[in-house]
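>>> quick one, what's the 3D model for this:
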Amino acid sequence: MVYKDHHSHAALNCMKMPKLILFLTGLILFFLVSCRKDRVVSTSFYYWKTVYENKPLESKYLNAMHSKELYVRIMDVDYGDNGPQPVSPVSFKSTLPDSIQLIPVVFIVNDVLKNQNPRQLDDLAVKIVYYVEGRIKPSWRRSYQELQIDCDWTRSTRDNYFYLLRRIKSNVKLKNKILSATLRLHQLKYQGRNGIPPVDRAMLMCYNMGNLRKYGDQNSILEQKELEKYAGKNLGNYPVPLDVGLPVFSWAVVFRHKQYAGIAKRLGSGNFTDHQTFKPRGDNLYTLQKDLPAFGLLRGDEIRLERLSADQLVAAASYIQKYLSSDTLKIIYFHLDEPTLKHYTYENLAKTAAVFR
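Numbers count the residues shown, from 1 in each chain. Presented below is the predicted three-dimensional model:
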């Protein structure tokens, strides 16, 4: 009898154990959810044109997104006859709205970093900061809180690029300012090879991820499968706080005899509604039915119109946000341009940004 009672008591304890485990698990999850704070998300745009003009529609989007800052391309840095020099600097036809902070962005062509010694890089760092300081004055912005450097660096230019970033950061003009850098998907995935830039924040560019020059009906701006190949756990493991750049631009990629022939910059989405001139082939391919000399196009050219739908933006955002660990985040759309913005409502962009909260 004693043995039997002991056995029954043990069996009863075993029956209670799964319930206890479930209760404790539920309690832990309750506290985790209760303690979770919503991520603080701000939304704004890049401005990537050579002339800044305060246009009504573009201002409406800034206001609708409650944007407090604007990332403005100040210049490219490329090789000239006397070494690195500014190319296509921005000019200000209008002043920025009073409520908007200007964040200057400098794009550095990767080849500029090759074969540069420390003295040359020191000189380049000083010139970049000096040029930015002078170029923003016509915008009626005496100062800025962040400087962003944009460069598609590679393993061969990594050391020079990171040295340049450190020299820029150490400039007295950047005291108490944020230095950020753009981050491509290949730089995110192959961290051992590409290194981690010595900056305060990094802007993950979730676009231009496919092969633009490859013939076919793919979308080289953003394809979900390509995004998932490179991002995932790499997002959560990245040692620098990340912000996210998302595409709201389109372009017309031209192929002649199935060979890449360039981007028709003067063609917009509206042109492709003329099916007498642009004969549709599938979702985003068109065959030109006559010569268009004003556009540099010939009859028979095939054109791939690339752009993202609002649903595709939400899908990309939903995937990315699962892996981000930062509690503050900027969502920056590329870019603030009236013809492009017409394809997205305020609600489209707000819904995408809300996914990250």
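>>> burial of residue 281, as a residue count?
Neighbourhood size, residue 281 [other C-beta atoms under 10 Å]: 13. To be clear about C-beta, it is placed using only N, CA and C from the backbone, and glycine gets the same treatment.
>>> next: residue 201.
By other C-beta under 10 Å, neighbour count at residue 201 equals 19.
>>> likewise for the one 5 residues further on?
Here the count is done by other C-beta under 10 Å, and residue 206 has 25 residues near it.
>>> host element of the nearest residue in space to it that is not next to it in sequence?
Closest residue to residue 206 apart from its sequence neighbours, by C-beta to C-beta, 6 or more residues apart in numbering: residue 246 at 5.6 Å. In this assignment (DSSP states H and E), residue 246 forms part of strand 242-247.
>>> the helix or strand following that strand pairs with which strands?
Moving toward the C-terminus from strand 242-247, the next helix or strand (DSSP H and E) is strand 251-256. Looking at strand 251-256 with DSSP bridges, its partner strands are strand 259-263 (antiparallel), strand 302-306 (antiparallel).
>>> now render those as JSON lines, adding mean pLDDT and distance to residue 40.
Listed next are those as JSON lines, based on pLDDT from 0 to 100; distance: least, C-beta to C-beta, whole Å:
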{"stretch": "strand 259-263", "mean pLDDT": "97", "distance to residue 40": "37"}
{"stretch": "strand 302-306", "mean pLDDT": "97", "distance to residue 40": "32"}
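>>> out of these, which gets nearest to residue 234?
Residue 234 lies closest, by C-beta to C-beta, to one member of these: strand 302-306, at 25.0 Å.
>>> show me where this protein dips below the pLDDT cut-off.
1-37 (pLDDT under 70).
>>> show me where it has helices.
2-35, 56-64, 118-135, 158-170, 185-189, 191-194, 224-230, 233-237, 310-321, 338-341, 346-354 (DSSP state H).
>>> ok, back up a step: for residue 202, find the nearest of the strands paired with strand 251-256.
strand 302-306 (25.3 Å).
>>> list the contacts of that closest one.
215-217, 219-221, 250-256, 258, 264, 267, 269, 272, 278, 281, 284-288, 297 (C-beta atoms under 8 Å, 6 or more residues apart in numbering).
>>> could you turn the buried ones of these into a ChimeraX selection?
Remark: buried members of the contacts of strand 302-306, expressed as a ChimeraX selection using 16 or more other C-beta atoms under 10 Å:
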select :219,220,221,250,251,252,253,254,255,264,267,272,278,284,285,286,288,297
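>>> what about the residue nearest to residue 161 when sequence neighbours are not counted, how many residues nearby?
Leaving aside its sequence neighbours, residue 161 sits nearest to residue 153 (C-beta to C-beta, 6+ apart; 4.3 Å). Burial of residue 153 is recorded as 25 neighbouring residues (other C-beta under 10 Å).
>>> could you check how far residue 153 is from residue 104?
19 Å (C-beta to C-beta, to the nearest Å).
>>> over to residue 78?
17 Å.
>>> more crowded one of the two?
Neighbours were counted for residue 78 and for residue 104 using other C-beta under 10 Å; residue 104 has more, 24 against 15.
>>> OK, contacts around the more buried one?
Neighbours of residue 104 in contact, by C-beta under 8 Å, 6+ apart: 72, 74, 132, 135-136, 144, 147-148.
>>> let's see it at 10 Å
By C-beta atoms under 10 Å, 6 or more residues apart in numbering, the contact set of residue 104 is 71-75, 90, 128-129, 131-133, 135-136, 139, 141, 144, 146-149.
>>> circling back to that earlier point, tell me which of the strands paired with strand 251-256 lies nearest to residue 64.
strand 302-306 (25.3 Å).
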